[in-house]
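>>> structure for the following, please:
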Amino acid sequence: MSDAHEPALRLQGIVKTFPGVRALDGVDFEVMPGEVHALLGENGAGKSTLMKVLAGMYQPDAGEIIIAGRPVRMTTPIEAKAQGVVLIHQELSLVPEMSAAENIYLGELPCRSFGRVDWKILEERSNAILKRLKCNFRAEVTVAHLSIANQQMVEIARALTVDARVVVFDEPTASLTDAEKVVLFDIINDLKAQGVGIVYISHRMDEIFTLSDRITVLRDGAYRGTLTTSDTDEDEVTRLMIGRSLDLSRDEDAPQFGKTMLEVRNLTCPGLFEEISFSVRTGEVVGFYGLVGAGRTEIAEALFGLRIPSEGEVFVDGARVEIASPRDAIALGISLVPENRKEQGLVLQMNCRDNMTLPQVQGLTSGPFMSQRAELAIFDHYRDRLAIKTPSWRQPAGVLSGGNQQKIVIGKWLSMQPRVLIVDEPTRGIDVGSKSEIHQLLRELAAQGYAVIVISSEMPEVLRVSDRIVAMYHGRIMREFSIESVTEDSLVQAISGIKAEEPA
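Got it, this is the predicted structure:
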């Protein structure tokens with residue numbers, strides 16, 4: 001057990017430079033035993049880079065890592081783990097073809113004589129950890145067959161296999177249900193009680209103020225300050241993160257709604273959603289809100305041709321249409337910004353320009369070749385419009401921050417000039433400054449005449465951007481609210497399956 005007065009971890013003067021970018025500029029950070037220390041900053045501020053230096057994935061150009069009072073040098077994640085440092089990644093780092101048990105103990109499988117894996121011990125230990133995490137699946141299951149949320153629980157289970165000094169949680173709740181979050185928070189509090197230092201990275205302020213003891217803020221790769229959580233508030237933290245106060249008010253004229261651009265009547269996909277009916281007008285943002293599994297994403301996928309409903313009708317601009325594929329949807333002017341940008345929205349190895357122009361390759365040809373001038377014009381326009389931060393269009397999309405990756409996906413579909421824009425979880429894993437920019441962008445797009453659907457698991461987000469809110473529960477629409485009439489209580493009741501009381 002570490003000395004309670006000696007930091008479990010101290011990073012001093014950490015510098016890390018990549019070609020054209022100084023990612024970390026002399027950053028200091030520490031976490032005490034039994035402390036939850038939140039690390040905050042906008043996308044691109046250097047949080048993940050700092051943690052990758054700690055985990056041995058990157059080597060610092062300058063600075064020192066001190067664990068339990070001793071300077072250490074870690075050149076690989078295995079060395080970091082041997083020092084008691086465990087990093088639970090924001091992006092899953094599992095091997096899909098292996099079982100949950102093999103992933104949990106990857107690199108340290110229990111063995112019998114002659115190096116043979118002791119499968120019985122492996123599965124017993126793994127199932128015990130999964131039981132502690134209250135998971136509803138067995139360790140023998142192949143990871144590829146698990147939901148994203150359950151894959152995240154496997155990632156978290158890895159932290160419980162070692163006698164850790166420091167555990168880093170990087171956006172751990174991004175894919176978890178509310179019930180799974182409660183279990184995670186209990187685990188974090190258990191680790192804290194055992195004297196483990198916790199580094200907690202999240203863009204969700206409610207989690208930060210619930211869990212953390214201190215908050216350290218990075219901006220543009222530099223240390224900006226450390227605050228005691230109980231002595232600060234969201235506004236002070238936000239000012240430190242983005243250099244200004246965040247204005248969440250709607251500074252706009254009363255919205256002008258036009259004709260109905262999209263109408264859905266009794267749309268049904270058995271087992272996913274039933275008898276879904278709603279409409280969206282030009283100039284309007286309709287928010288879909290509900291718990292995980294409510295059917296919101298599946299409706300979006302049906303409207304984009306990724307699922308074929310068994311019943312129902314869809315009308316675009318007053319005309320009944322058939323949507324059997326994404327090609328049909330795009331031709332009708334329907335675009336979908338998907339929930340999982342890395343797997344469904346981007347080709348991570350491809351450069352920013354080519355990602356943005358991918359859906360319109362055929363329209364950008366000059367003879368047998370692509371028109372680079374036309375491609376660059378599109379990229380430059382949306383880079384400026386969306387304030388995308390990248391040294392060059394040549395930068396692979398996979399190396400951008402989460403916020404800038406999301407802006408690339410949004411820009412890609414805006415460049416198609418859609419009539420209906422569907423945005424699924426538009427700010428998942430995005431910092432508060434970029435969230436505000438994207439919220440403002442969605443409002444501006446509606447004002448320009450787009451019909452916009454926003455799917456979100458965050459109540460403040462749907463309240464911020466929507467003109468109307470559709471509340472869903474178990475594949476059905478429970479209630480529809482105007483932004484003037486909705487209350488937080490009525491919204492929570494609706495997504496929990498509680499029907500509105502009948503008027504007296």
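
>>> run through the residues that contact residue 299.
Taking CB atoms under 8 Å, 6 or more residues apart in numbering, we find residue 299 in contact with 264, 267, 273, 276, 288. Placement of C-beta: from N, CA and C, glycine included.

>>> could you check which helix or strand contains it?
Using DSSP states H and E, residue 299 sits within helix 296-303.

>>> now find how far off-centre that helix is within its chain.
When C-alpha coordinates are averaged (CA atoms, centre = their mean, to the nearest Å), helix 296-303 and its chain have centres 19 Å apart.

>>> mind saving the C-alpha coords of it as CSV?
The C-alpha atoms that make up helix 296-303 are tabulated as CSV, following Å, rounded to 0.1, in the frame of the first residue of the first chain:
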residue,chain,number,x,y,z
ARG,A,296,-34.1,5.3,-31.7
THR,A,297,-31.0,4.2,-33.6
GLU,A,298,-32.9,1.4,-35.4
ILE,A,299,-35.5,3.9,-36.7
ALA,A,300,-32.7,6.1,-38.1
GLU,A,301,-31.2,3.0,-39.7
ALA,A,302,-34.5,2.1,-41.3
LEU,A,303,-34.9,5.7,-42.7
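
>>> for that helix, buried residues please.
For helix 296-303, the neighbour count (16 or more other CB atoms under 10 Å) marks 296, 297, 298, 299, 300, 301, 302, 303 as buried.

>>> what's the neighbour count on residue 304?
Other residues near residue 304 come to 21 when the count uses other CB atoms under 10 Å.

>>> could you measure from it over to residue 470?
17 Å (CB to CB, to the nearest Å).

>>> same deal with residue 122?
46 Å.

>>> so where's the chain shaky on pLDDT?
Within the chain, the stretches with pLDDT under 70 are 1-4, 20, 43-44, 90-92, 244-253, 366-368, 429, 431, 499-504.

>>> show me the domain layout of it.
Under automatic domain parsing, the residue ranges defining each domain of the chain are 9-242, 256-333+420-499, 346-417.

>>> and stretch 339-354, what's buried?
Under 16+ other CB under 10 Å, the buried positions of stretch 339-354 are 339, 341, 342, 345, 346, 351, 352, 353, 354.

>>> between those residues, which is nearest residue 388?
Checking those against residue 388 with CB to CB, the nearest one is residue 352 at 7.4 Å.

>>> residue 422 should be in a strand, yeah?
Yes: under DSSP: H, G, I helix; E, B strand; the rest coil, residue 422 sits within a strand.

>>> would you agree it is in contact with residue 301?
No: assessed by CB atoms under 8 Å, residue 422 is found out of contact with residue 301, at 9.4 Å.

>>> what touches both of the two?
Overlap between the neighbourhoods of residue 422 and residue 301 consists of residue 336, taking contacts as CB under 8 Å, 6+ apart.

>>> measure stretch 337-356 end to end?
One end of stretch 337-356 sits 12 Å from the other (CA to CA, to the nearest Å).

>>> got the contact list for that stretch?
91, 148, 297, 358, 375-376, 378-379, 382-383, 388, 390, 392-398, 400, 402, 405-406, 408-413, 415, 421-426, 428, 455.

>>> if I look at the nearest residue to residue 445 once chain neighbours are set aside, how far off is residue 426?
Leaving out its chain neighbours, the residue that sits closest to residue 445 by CB to CB, 6 or more residues apart in numbering is residue 452, at 5.9 Å. As judged by CB to CB, residue 452 and residue 426 stand 10 Å apart.

>>> what touches both of the two?
residue 442.

>>> what residues sit buried inside the strand or helix carrying residue 121?
Using DSSP H and E, residue 121 sits in helix 119-132. Residues of helix 119-132 classed as buried: 122, 123, 125, 126, 127, 129, 130 (neighbour count, 16+ other CB under 10 Å).

>>> CA atoms only: put it into PDB for me.
Extracted as PDB, the C-alpha positions of helix 119-132 are listed here (Å, rounded to 0.1, in the frame of the first residue of the first chain):
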ATOM      1  CA  TRP A 119      -8.700 -22.900 -19.200                       C
ATOM      2  CA  LYS A 120     -10.600 -23.900 -16.100                       C
ATOM      3  CA  ILE A 121      -8.700 -21.400 -13.900                       C
ATOM      4  CA  LEU A 122      -8.900 -18.700 -16.600                       C
ATOM      5  CA  GLU A 123     -12.700 -19.000 -16.900                       C
ATOM      6  CA  GLU A 124     -13.300 -19.200 -13.100                       C
ATOM      7  CA  ARG A 125     -11.300 -16.100 -12.500                       C
ATOM      8  CA  SER A 126     -12.900 -14.200 -15.400                       C
ATOM      9  CA  ASN A 127     -16.400 -15.200 -14.400                       C
ATOM     10  CA  ALA A 128     -15.700 -14.000 -10.800                       C
ATOM     11  CA  ILE A 129     -14.700 -10.600 -12.100                       C
ATOM     12  CA  LEU A 130     -17.700 -10.400 -14.500                       C
ATOM     13  CA  LYS A 131     -20.000 -11.300 -11.600                       C
ATOM     14  CA  ARG A 132     -18.400  -8.500  -9.500                       C
END
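
>>> so which elements touch that helix?
Using 3 or more CB pairs under 8 Å, 6 or more residues apart in numbering; DSSP states H and E as the contact test, the elements touching helix 119-132 are helix 100-104, helix 148-157.

>>> so which elements touch the last one?
What it means is helix 148-157. helix 100-104, helix 119-132, helix 178-193.

>>> and the first one, by the same measure?
When contacts are defined as 3+ CB pairs under 8 Å, 6+ apart, helix 100-104 packs onto helix 119-132, helix 148-157.

>>> in TSV, list the ones you listed along with distance to residue 22.
Output for the helices and strands packed on helix 100-104, formatted as TSV (distance: least, CB to CB, whole Å):
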stretch	distance to residue 22
helix 119-132	40
helix 148-157	30
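
>>> so for residue 15, which of these sits nearest?
Nearest to residue 15 among those is helix 148-157 (28.9 Å), distances taken as CB to CB.

>>> list the contacts of whatever helix or strand comes next after that closest one.
Next helix or strand after helix 148-157 toward the C-terminus (DSSP H and E): strand 166-170. Residues from elsewhere that reach strand 166-170 (CB under 8 Å, 6+ apart): 8-9, 31, 47-48, 51, 54-55, 67, 84-90, 156, 159, 188, 191, 196-202.

>>> quick revisit: what about the helices and strands packed on helix 148-157, which gets the closest to residue 448?
Residue 448 lies closest to helix 178-193 among those, at 35.3 Å (CB to CB).

>>> in the closest one, what's buried?
Using 16+ other CB under 10 Å as the test for burial, helix 178-193 gives 180, 183, 184, 185, 187, 188, 191, 192.

>>> kindly report the same for stretch 433-444.
Under the neighbour-count criterion of 16+ other CB under 10 Å, stretch 433-444 has 433, 434, 435, 436, 437, 438, 439, 440, 441, 442, 443 buried.

>>> these two touch, right, residue 39 and residue 28?
No: in this structure residue 39 lies outside contact range of residue 28 using CB under 8 Å: 11.9 Å.

>>> so for these two, which sits in the more crowded spot?
Counted by other CB under 10 Å, residue 39 and residue 28 do not tie: residue 39 has more neighbours, with 28 against 13.

>>> the more buried one should be in a strand, yeah?
Yes: checked against three-state DSSP, residue 39 lies within a strand.

>>> and the contacts of stretch 337-356, which are buried?
With burial judged by 16+ other CB under 10 Å, the buried subset of the contacts of stretch 337-356 is 297, 375, 378-379, 382-383, 388, 390, 393, 395-397, 400, 402, 405-406, 408-413, 415, 421-426, 428, 455.

>>> tell me which entries of those lie within helices.
297, 375, 378-379, 382-383, 402, 405-406, 408-413 (DSSP state H).
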